[in-house]
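Enquirer: compute the structure for the input listed below.
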Amino acid sequence: MRLAIDTNVLAYAEGMERASEDKAKCAMALRLLTRPGDETVVAARQTLAELHAVLVRKMRLPPTDASDRVRQWAGQLELIDTNAAVFDAALDLAGDHGLQIYDSLILAAAVEARCDLLLTEDLQDGFAWRGVVVTNPFGSSPDPRLARLLN
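Expert: Prediction:
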């Protein structure tokens, strides 16, 4: 299975806690991203840029430390760039479905990378577009394929 992730999944894996319930999200994100298995985890390169901003602004890491953390993730994930085709598809998605352009870019990149699921809490759980299904990995009922992976 091919899983695409958004910035929040990475930020939680880095230990970002904004509320008391985020401790469980942090543990789950880290477990998901470090578990052995046949799954490929994909991230749009934009996601790593956003992670850098989160690490510096919200988690108050020095920029050099944030850069080191982002490079580590870049070495562990399959990265996809926002090429012209991804950008054009994201514009269609944003226009047709009223999504934010940054969320649209991540979903369009997941489609380009032939992912099965996009793990995010920012989009509607269960929304499907061009073969990719959005699921909230921290929700009460994630996609059954993800639930099987986590058990």
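Enquirer: please count neighbours and contacts with C-alpha atoms only from this point.
Expert: Noted.
Enquirer: Glu14 contacts Lys25, doesn't it?
Expert: No: here Glu14 does not reach Lys25: they are 10.6 Å apart, not a contact under Cα atoms under 8 Å.
Enquirer: who has more neighbours, those two?
Expert: Lys25 (22 against 17; other Cα atoms under 10 Å).
Enquirer: the more buried one and Glu17, how far apart?
Expert: 9 Å (Cα to Cα, to the nearest Å).
Enquirer: which residues in this structure form strands?
Expert: Assigned by DSSP state E, the chain shows strands spanning 2-5, 40-44, 78-80, 117-119, 128-129, 132-135.
Enquirer: give me the contact list for stretch 70-86.
Expert: 40-46, 48-49, 51-52, 105, 108-109, 112-113 (Cα atoms under 8 Å, 6 or more residues apart in numbering).
Enquirer: who wins for neighbours among those residues?
Expert: Ala109 (29 neighbours).
Enquirer: distance of that one relative to Leu119?
Expert: 13 Å.
Enquirer: what is the neighbour count of Leu107?
Expert: Neighbourhood size, Leu107 [other Cα under 10 Å]: 33.
Enquirer: that one: what's it in contact with?
Expert: Contacts of Leu107 (Cα under 8 Å, 6+ apart): Ala90, Leu118, Val132.
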